[in-house]
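got a predicted model here, sequence first, then my questions.
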Amino acid sequence: MKRKTKLKHADQTLHRLVLELAPAAVTAEVYRIENYTDGLVGVNGCTELLPTFDSGLRWGDAANPQPDIARFDGGVAGGVTWDGAFYRDLNRYANSGSLFWSAYLKPGSAAGMQGGYWLNFGSGWAHLANDDPAQILSGAAPRIFFDSAAGQWQLVIEATQYVTLAVVEVWTGMKAGGTDPVGTYSRVSGLDPLPALTVVAG
C-alpha cells in the first residue's frame, strides 16, 4: 500500500507541476507574425515546395482554376494568400484547448478553394486535411500552441507537398515561458533557415 501511495503522490505532484507551467490566462483570440508579408517564410531553402515539369499536376482551364493547378510563383491558383495570422475557435476545434491557434480557424473560413482552407504562402501552400477542422493535425497546419510537457510555446508552419500531399515542415520555432504567445520564436528546424519570427497580438 505504501508503494501505491507514493506513486499516487508522485502523479499528483507531476500534475501540479504541469499546471504551474501552463499559462494562467490568455485573452487574445488572434495572434499574427509581426511585419508579415507573403514570402517572409517559405522561400529560402524551400525549392522542394515548388512544382516541377514532371510533378503530375493537371494544368487545366486557367479560367476555372482548381486547387491542384500550380501558380508559377508557388502555391495553388485556387487558394487564398495567408496573412500570417492565427485564430482560436473552440467550437470548430474543441480538442485544441484554449492555448491553440491556427491559420485555418479564421472567422468565416470554410471548405473550398477560396474559403480559407487552401492557403498560399512563399513558395508553397497548405491544405486543411479533408476540409475538416477536427483533422487540423492530419495535414499541413500553420499553428501556435503551448507545449505543456516542455513548458514552451511553439510556432509551426507546414506546407503540403505537390502530388503526394505529404506534410513538409517549413519552419518551427520555440519561445520559452510567458503567459501568451507574444514574443520572439527561435528557429529549431524546418526547410526555411530564417533564424527568428516575432508574434504579436491582434
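That came in fine, so what should we check first? All values derive from a computational prediction rather than experimental measurement.

let me see the mean pLDDT of stretch 141-158.
Averaging pLDDT along stretch 141-158 gives 94.

with stretch 46-66 instead?
64.

and stretch 92-109, by the same measure?
Here the average pLDDT along stretch 92-109 is 90.

what mean pLDDT does stretch 184-198 get?
Mean pLDDT, stretch 184-198: 98.

give the other helices and strands that whichever strand or helix holds Leu197 contacts.
Leu197 belongs to strand 196-201 when assigned by DSSP states H and E. Judged by 3 or more CB pairs under 8 Å, 6 or more residues apart in numbering; DSSP states H and E, strand 196-201 is in contact with strand 30-33, strand 167-176, strand 183-189. Backbone N, C-alpha and C define where each C-beta goes, glycine included.

JSON lines for those strands, including mean neighbour count and distance to Ala129?
As requested, these are arranged in JSON lines below (neighbours: other CB atoms under 10 Å; distance: least, CB to CB, whole Å):
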{"stretch": "strand 30-33", "mean neighbour count": "20", "distance to Ala129": "22"}
{"stretch": "strand 167-176", "mean neighbour count": "19", "distance to Ala129": "9"}
{"stretch": "strand 183-189", "mean neighbour count": "15", "distance to Ala129": "21"}
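
out of the ones you listed, which comes closest to Ser123?
Shortest distance between Ser123 and the helices and strands packed on strand 196-201, using CB to CB, is found for strand 167-176: 9.1 Å.

picking that back up, nearest to Gly116, of the helices and strands packed on strand 196-201?
Within those, the stretch nearest Gly116 is strand 30-33; the backing value is 13.9 Å (CB to CB).

list of residues touching that closest one?
Residues from elsewhere that reach strand 30-33 (CB atoms under 8 Å, 6 or more residues apart in numbering): 40-41, 83-88, 101, 144, 180-182, 197-202.

host element of the closest residue to Asp83 other than its chain neighbours?
Of all residues not flanking Asp83 in the chain, Tyr36 sits nearest, at 6.9 Å (CB to CB, 6 or more residues apart in numbering). For Tyr36, there is no host helix or strand (DSSP H and E).

check contacts around Tyr36.
Asp83, Gly84, Ala85.

would you list every one of the helices in the chain?
Under the criterion DSSP state H, helices of the chain are mapped to 2-21.

how many neighbours does Lys106 have?
20 (other CB atoms under 10 Å).

measure it to Tyr117 for me?
In this view, Lys106 and Tyr117 are 10 Å apart by CB to CB, to the nearest Å.

same question, Val156
17 Å.

okay, the two: which has more neighbours?
Neighbours per residue (other CB under 10 Å) separate Val156 from Tyr117, with Tyr117 holding more: 25 against 20.
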